[in-house]
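Visitor: take this sequence and fold it.
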Amino acid sequence: MNRDITVLNWNFELNGGGSPAKRQEGYDLLASLRPHLVLRQEMWGADADGSTIMYEAEQILGLRGWLGPESCTALFADTSMFVPVREWPRTGRVWELPPTALTLRYLPAGPTAMPLVAASYHLNYASAAKRLAEVEWLSTWADKRWTTPSGKTVRMPALLAGDNNSYPVPGTPNDPPLPVLAEIDDQPHRLHRSYVAPDGSRVMDTRADEALRTAGLEDVARYWATARHGNASAVARTVDACETHGPDARIDRVHVTSSLLPAVTGVDVIEVPLRLSDHHIVRVTLSPETLADVLNEAVS
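Guide: Numbering: from 1, shown residues only. Below you'll find the predicted structure:
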């Protein structure tokens, strides 16, 4: 039986900050996890000098890569398993840091199976209002259609992963609690991570998560921690507490359309040393057999 499909999401701070040694260490870490899909944020400089840094990443990972507009996000895939059938270079005008989005065919499912959409994104750092506009546009990748061999038009499953720069809606057991606004020492950061509620109070920003839920996109960590195994490691912090930004938080998340949830076999967070990045790696594993079944059922 084939091993599970491994999907990784990571905001590798400043893509190693211009340090070849740090980039090597970061990509060696990713490669050691034997991924089939990698969704990256902060790919700064990867397009310089004829995209040499992007090709360097492909070589270390052993995966094909696609670099998004303005060189912030990227997606890498094992093309023995996932092949592109469409790119989505026009991501809309709302983005400060545009996503990388592809329609991918999962080869083991067969040539007539439904493809899926995968997108790596990075929501706005400083503006809750801009984040909400961006995530509303992000939801359109869960509304892409495909025409089946029989001529029927159906909606494709989607997997979206990235840095949300905001918090999950509270209520999941073991989720890091929302920060207390007044306890965040950095006053500009209080603004960046909050918004004014209808009653006039300023509250921590969970609207991106709520919007994705409304659009039918499920946080796989919440799903794994509650609906399945009560696994606390699924909702571990993805950024560590610090004096300026406040307590541990889970701002890096993977969302999927509900049809993909049966294929999920695990969710956890791989701790990364702070000297390497200020974000940890989110790992999601999928059953290859169940994924194939889901993609074939969609066209039956």
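Visitor: any idea how far Met43 is from Val282?
Guide: In this view, Met43 and Val282 are 17 Å apart by CB to CB, to the nearest Å. From N, CA and C alone the C-beta is placed, and that goes for glycine too.
Visitor: right, I mislabeled it, should have said Glu271
Guide: Applying CB to CB, the value for Glu271 to Val282 is 11 Å.
Visitor: please say which of the two ends up with more neighbours.
Guide: Ranked by neighbour count (other CB atoms under 10 Å), Glu271 and Val282 place Val282 first, with 26 against 12.
Visitor: wait, isn't the more buried one in contact with Gly266?
Guide: No - between Val282 and Gly266 there is no contact under CB atoms under 8 Å: 11.4 Å.
Visitor: now do the buried residues in stretch 35-53.
Guide: Across stretch 35-53, burial judged by 16 or more other CB atoms under 10 Å covers 35-47, 51, 53.
Visitor: that one: how far from the chain's middle?
Guide: Relative to the chain's own centre, stretch 35-53 is displaced by 15 Å; criterion: CA atoms, centre = their mean, to the nearest Å.
Visitor: could I get that stretch in CSV with only the CA atoms?
Guide: Output of stretch 35-53 as CSV, limited to C-alpha atoms (Å, rounded to 0.1, in the frame of the first residue of the first chain):
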residue,chain,number,x,y,z
PRO,A,35,6.4,15.9,1.0
HIS,A,36,4.2,15.5,-2.1
LEU,A,37,2.9,19.1,-1.9
VAL,A,38,4.5,22.1,-0.3
LEU,A,39,2.8,25.4,0.0
ARG,A,40,5.2,28.3,0.9
GLN,A,41,5.0,31.9,1.9
GLU,A,42,7.7,34.6,2.0
MET,A,43,9.5,33.5,-1.1
TRP,A,44,11.3,36.8,-1.4
GLY,A,45,14.1,37.0,-3.9
ALA,A,46,13.2,33.6,-5.5
ASP,A,47,12.7,35.3,-8.9
ALA,A,48,16.1,37.1,-8.9
ASP,A,49,18.9,36.3,-11.3
GLY,A,50,16.7,34.2,-13.6
SER,A,51,14.9,32.5,-10.6
THR,A,52,18.1,30.8,-9.5
ILE,A,53,16.8,30.6,-5.9
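Visitor: pLDDT (mean, whole number) over that stretch?
Guide: Stretch 35-53 shows a mean pLDDT of 96 in the predicted model.
Visitor: stretch 148-156 too?
Guide: Stretch 148-156 comes out at a mean pLDDT of 90.
Visitor: can I take it that Trp95 is in a strand?
Guide: No - under DSSP: H, G, I helix; E, B strand; the rest coil, Trp95 sits outside any strand and is assigned coil.
Visitor: show me the contacts for it.
Guide: Trp95 is in contact with Glu134, Trp137, counting by CB atoms under 8 Å, 6 or more residues apart in numbering.
Visitor: please name the nearest non-neighbouring residue to Asp186.
Guide: Of all residues not flanking Asp186 in the chain, Thr244 sits nearest, at 3.8 Å (CB to CB, 6 or more residues apart in numbering).
Visitor: let's verify the one you found: helix, strand, or coil?
Guide: Recorded secondary structure, Thr244: coil (three-state DSSP).
Visitor: with Val267 instead?
Guide: Following three-state DSSP, Val267 is assigned to strand.
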